[in-house]
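Quick one: sequence and predicted model below, then my questions.
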Amino acid sequence: MPQKNKTLGEFIIENQGEFKYSSGELSRLINSIRLAAKVVNHEVNKAGLVDILGAAGDINVQGEDQQKLDVFANEAFIKTLTNREIVCGIASEEEDDFITIKGRNEKNDNKYVVLIDPLDGSSNIDVNVSVGTIFSIYRRVTPSGTPVTIQDFLQPGHQQVAAGYIIYGTSTMIVYTTGHGVNGFTLNPAIGTYYLSHPNMKFPETGKIYSVNEGNYVHFPQGVKDYIKWCQAEEGERPYTSRYIGSLVSDIHRNMIKGGIYIYPNTAKDPDGKLRLLYECNPMAYIVEQAGGKASNGFERIMDIQPATLHERVPFFCGSKQMVEKAETFMEAAKS
């Protein structure tokens, strides 16, 4: 059982032996993410005081307006990971293509690639709502010493060696897993140190919260409509409570603590779904499963999906295991 009051740095050092490829690089990589998160946290917390709110005027590869803090966070994480010479490649939701990183002596001999959503839900900053960063780490599959290729990034989620998120809210937390459970660390802003505050995080088997943008209800698949109606019916522990922030990190973080399900289905407008498999769904699915929950596209495990493109989108159902399984029964029934 991890002890509270332990710093993130101490925790990483003490537990790096659990990682089967332990050579210190993964620890250095997570430390780099921790450093970049503190930089982004500082900007998020002072966003209302400087000219950093609102849109930057550009459109990212997803066809969405880039918020100014999106741009700042993207640059902060890429710069930190590049300067530390720990990774051989980076893919960001904000970039059209992956970035090749050369290590010492111009060689591509680092072992890891990072996929990152630098600032998820950033439009919420204008109204002082929590936002987050999501990251996913894989070992490269191409030979060391050669430039990374798209194949290093198009790996199914079960190949992840680590994943996590940072939530910038009333307090700032890093929550991550390396395949040995999920632990959360809260930043003490007075001294700039993260302390273990949520050891061995677990999803309750079931819950009373469903998180979905019901404004799109008429465009949802029939199975999702049926599940929502079931959640709203007065029977037993139901009706459930609807809670939707519109920030993926915030919604899943709350549901992991209190018990609940998060749904972002495909719609008539977005037949493939809206969330990105590589930057959002796979890392969140890894965390959710390590915390005893479940994540699927409504029919199959998210982490078993073989990615076809860097910015691929999928429907996403995740949260307390019993709630996700119930939603899947409605999805399956609606097929017949």
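Here it is on my side, so go on.

Quick check: pLDDT value at the residue nearest the centre of the chain.
In the chain, the centroid-proximal residue (CA atoms, centre = their mean) is Ile134; its distance is 3.5 Å. Ile134 is assigned 97 on the pLDDT scale.

looking at this, it is in a strand?
Yes: Ile134 forms part of a strand when assessed by DSSP: H, G, I helix; E, B strand; the rest coil.

So what pairs up with Tyr264 in the strands?
Beta-bridge pairing for Tyr264 (DSSP bridges): Phe316.

what about it, how many neighbours?
Neighbourhood size, Tyr264 [other CB atoms under 10 Å]: 25. All C-beta spots, glycine's among them, are computed from the backbone N, C-alpha and C.

Hmm, it is touching Leu277, no?
No: here Tyr264 does not reach Leu277: they are 11.9 Å apart, not a contact under CB atoms under 8 Å.

Setting aside sequence neighbours, what's the nearest residue to Phe135?
Excluding its sequence neighbours, the residue lying closest to Phe135 (CB to CB, 6 or more residues apart in numbering) is Ile116, at 4.7 Å.

quick one: least confident helix or strand in the protein?
In the chain, the helix or strand scored least confidently by mean pLDDT, DSSP states H and E is strand 65-67, which has a mean of 60.

What's the first helix or strand after that one?
Next in sequence after strand 65-67, counting helices and strands by DSSP states H and E, comes helix 68-83.

Next, report how far stretch 145-160 is displaced from the centre of its chain.
Distance, stretch centre to chain centre, for stretch 145-160: 18 Å (CA atoms, centre = their mean, to the nearest Å).

so how far is the first residue of that stretch from its last?
21 Å (CA to CA, to the nearest Å).

Give me the mean pLDDT for that stretch.
Mean predicted lDDT for stretch 145-160 stands at 95.

who's in contact with it?
The list of residues contacting stretch 145-160 from outside it, by CB atoms under 8 Å, 6 or more residues apart in numbering, reads 88-89, 91, 98, 100-101, 107-109, 113, 115, 136-142, 277-278, 281-283, 285-286, 302-310.
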